[in-house]
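Predicted model follows, preceded by the sequence.
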Amino acid sequence: MIAGGFLNEERGKPMATIRMMKIRLTTFLLPVLAACGTGEAGDPSGVQSTSVLRGDLIVTAEADGTVEPVLKVEVTSKASGEILRLYVDTGDRVETGALLAEIDPRDVRNFADQANADIEVARARIDIAEAQAERSKKLLDLGVISAQEHESRTLEFANAQAALIKAQTNVQLAQLRLRDVTIRAPMAGTILEKNVEEGQVIQSSSQNVSSGTTLLVMADLDVIQVRTFVTERDLGEIMEGMTTSVRVDAYPDRTFVGVVDQIEPQAVVQQNVTLFPLIVRLDNSSRLLRPGMNTTVEIQTGEARGVLLIPNSSVVLPQDAEPAALALGLDADAVDMEGMFAGGGRVGSMFASEGGGDVSQNSFRMPFGRPGRRGEMRGGGFGSGQHGQGEHASGPARATKRAVVFVVGEGGSIEPRMVMIGLTDWDRTEVVSGLEEGDRVALIGLAQLQIQREEFLERMRARGSNPFGGGMRGGMRGYGGGMGGH
């Protein structure tokens, strides 16, 4: 969004997507705002101005999030019964295999004893059945018994073998159940929750459709993650592997370094805004971060070093050039937008070098994106890799956009000039082309610009002209765009 035609963005953001832009200038390049007068709007002698300086611009995106463990486990029991002992409490750190709790083993031991007895009986039955089968075979050969009687003895022997296998299986199951009555830690971690107490009867997780009783909740807190949300626009700026800065209220003077681990593919809608969950992973070997802490995640989305910088209040959208001229006390007819695009004068030559010098009406009707948006080039103009006076900018090629500034000459004259801008934050904007270091640019009050815009529209309506299309004088026909902020 462009508030009042300036290269700025509305600060209201949904829930966890509060976006803030910050600037870091070298100390020897801090801008000094020089006022040429204190007159009101409409008086050119009272225009405030500032110099174009060179410095560093760091653009960051900021969002709120919550600390959560990467790996969290609910500890349940495969055995049912009364809890005899609990060996841990909330906050305890345990290693893999550590004893957590013991369950009354009497029922399990009774089952194990019965299984051991059954296996002895099964072995005895096998011996008897095998001997009977051998005698039956001899009697059948002598013709003493019928074949049906022999088959019956053979079947009894097979059943005895099956009973032995079943008894052996029950013995193994009983041994497993005996181990299940002692609950051990499935991994190294910290106990987050304790849901049971000694003497409580719990349900087995393997024999209950509701997964049984959860005894403990534990997690590995050596590596944690922060879950936050990004808008659809942020997807073009934030990529997996980016380094992030994470701050928490508990340690206001300390910054934790994280890495963007994942941008989840499934969007969620919060307050009619489409958001994508963003996962930032952090090393928490110091154990300072705890699950549930509220955090502020800051991700650097743009960087320009050694570039020309001007205040945002000196930059206006091309469609606001004429109201801005009026706010500065200039004649709106002096703002020849078509001349600046068609090749006339200093700015016209700049755009003519882009590829033929013919800029169509549609190419000029491009909305300005929010500050610092990368990878986007609209409306023709300079390619993303051309930096002009911004040749000292570092990092990948960035998108550029057209804007208008008002240059203050030595004699106090004010000249509208088309420029190409790059990164911008809440305070400063990178100038890619159109200005030189040391130039002075006029500052335009937002309130004054809004008043002049409304008055300008009223005059156009009174003349029967369409402020959003053709039929207007030359200064407006060149861009044909709406006046409202984007």
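Noted; the coordinates are in hand.

Where do the helices of the protein begin and end?
With DSSP state H, the ranges of helices along the chain come out as 106-142, 147-180, 321-327, 337-342, 345-352, 361-364, 446-462, 474-477.

The third one - contacts with which helices or strands?
Secondary structure elements in contact with helix 321-327, counted by 3 or more CB pairs under 8 Å, 6 or more residues apart in numbering; DSSP states H and E, are strand 401-408, helix 446-462, helix 474-477. Just so you know, the C-beta spots here come from the backbone N, C-alpha and C atoms, and that holds for glycine as well.

and the first one, what does it pack onto?
Meaning strand 401-408. Using 3+ CB pairs under 8 Å, 6+ apart, the elements in contact with strand 401-408 are helix 321-327, strand 414-424, strand 440-442.

Tell me the bridge partners for the residue nearest in space to the middle of the chain.
Among the residues of the chain, the smallest C-alpha distance to the mean C-alpha position (CA atoms, centre = their mean) belongs to Leu278, namely 2.9 Å. In this structure, Leu278 has beta-bridge partners Thr228, Ile263, where bridges are defined by DSSP bridges.

Surely it is in contact with Glu240?
No - because the distance of 9.6 Å does not satisfy CB atoms under 8 Å, Leu278 is recorded as not touching Glu240.

Need the residues touching each of those two.
Contact criterion CB atoms under 8 Å, 6 or more residues apart in numbering; residues shared by Leu278 and Glu240: Val260, Gln262, Ile263.

which one of those is nearest Leu235?
Leu235 lies nearest to Ile263 out of the shared contacts of Leu278 and Glu240, by CB to CB, at 6.8 Å.

which ones are touching the closest one?
Val230, Leu235, Ile238, Met239, Glu240, Phe276, Pro277, Leu278, Ile279.

Any chance of the residues you listed in TSV with pLDDT as columns?
Written out in TSV, the entries for the contacts of Ile263 read as follows (pLDDT from 0 to 100):
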residue	pLDDT
Val230	86
Leu235	77
Ile238	86
Met239	85
Glu240	88
Phe276	90
Pro277	91
Leu278	92
Ile279	94
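
Quick one: low-confidence residue ranges for the stretch 301-450 of the chain.
Judged by pLDDT under 70, the stretch 301-450 of the chain has its weakly predicted residues at 332-398.

Same question for the stretch 151-300 of the chain.
Low-confidence segments of the stretch 151-300 of the chain, defined by pLDDT under 70: 205-211.

how about the strands in it?
With strands called from DSSP state E, counting those that start in this stretch, the stretch 151-300 of the chain shows them at 182-184, 189-194, 201-202, 214-231, 243-248, 256-263, 268-270, 273-283, 294-311.

which residues touch the residue nearest to the centre of the chain?
Shown here is Leu278, whose contacts under the criterion CB under 8 Å, 6+ apart are Ala63, Gly65, Arg227, Thr228, Phe229, Val230, Ile238, Val260, Gln262, Ile263, Glu264, Val297.

Could you point out which of the residues you listed is nearest to Leu216?
Among those, and counting by CB to CB, the member closest to Leu216 is Arg227, at 23.1 Å.

so the closest one sits right up against Pro277, yeah?
Yes - under the contact definition of CB under 8 Å, Arg227 touches Pro277, with a separation of 6.0 Å.

Mutual contacts of the two, please.
Jointly contacting Arg227 and Pro277 under the rule CB under 8 Å, 6+ apart is no residue at all.

Looking at the contacts of Ile263, spot the one nearest Ala185.
Using CB to CB, these come closest to Ala185 at Ile279, 25.7 Å.

can you count the residues close to the closest one?
Counted by other CB atoms under 10 Å, the residues lying close to Ile279 total 19.

That one touches Gln262, doesn't it?
Yes - with contact taken as CB under 8 Å, Ile279 and Gln262 are classed as touching, separated by 4.3 Å.

Where do the domain boundaries of the protein fall?
When the chain is parsed into structural domains using automatic domain parsing, the resulting residue ranges are 3-14+21-57+305-477, 65-70+218-302, 80-104+181-210, 105-180.

which of those domains sits most buried?
Using mean count of other CB atoms under 10 Å, the stretch among the domains of the chain with the largest mean neighbour count is domain 3-14+21-57+305-477, at a mean of 18.

tell me how far stretch 286-300 is from the chain's mean position?
Taking CA atoms, centre = their mean, to the nearest Å, one finds stretch 286-300 lying 14 Å from the centre of the chain it belongs to.

First-to-last residue distance for it?
Across stretch 286-300, the terminal residues are separated by 25 Å (CA to CA, to the nearest Å).

Other residues contacting that stretch?
58-69, 192, 219, 221-222, 224, 226, 228, 238, 242-251, 254, 256, 258, 260, 278, 280, 282.

show me the contacts for the nearest residue to Leu99 once chain neighbours are set aside.
In space, Leu99 comes closest to Tyr87 once its chain neighbours are excluded; the distance is 5.3 Å by CB to CB, 6 or more residues apart in numbering. Applying CB under 8 Å, 6+ apart to Tyr87 gives the contacts Ala98, Leu99, Leu100, Ala101, Glu102.

when you check those residues against the strands, which ones overlap?
Residues from those lying in strands, with DSSP state E as the criterion: Leu99, Leu100, Ala101, Glu102.

what's near enough to touch the first one?
It stands for Leu99. Taking CB under 8 Å, 6+ apart as the criterion, Leu99 is in contact with Tyr87, Thr182, Ile183, Arg184.

In a markdown table: the residues you listed, plus distance to Val404.
Putting those into a markdown table (distance: CB to CB, whole Å) gives the following:
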| residue | distance to Val404 |
| --- | --- |
| Tyr87 | 73 |
| Thr182 | 77 |
| Ile183 | 72 |
| Arg184 | 71 |
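
hmm, who's touching stretch 162-172?
Here stretch 162-172 makes contact (CB under 8 Å, 6+ apart) with Phe111, Ala112, Gln114, Ala115, Asn116, Asp118, Ile119, Val121, Ala122, Arg123, Arg125, Ile126.
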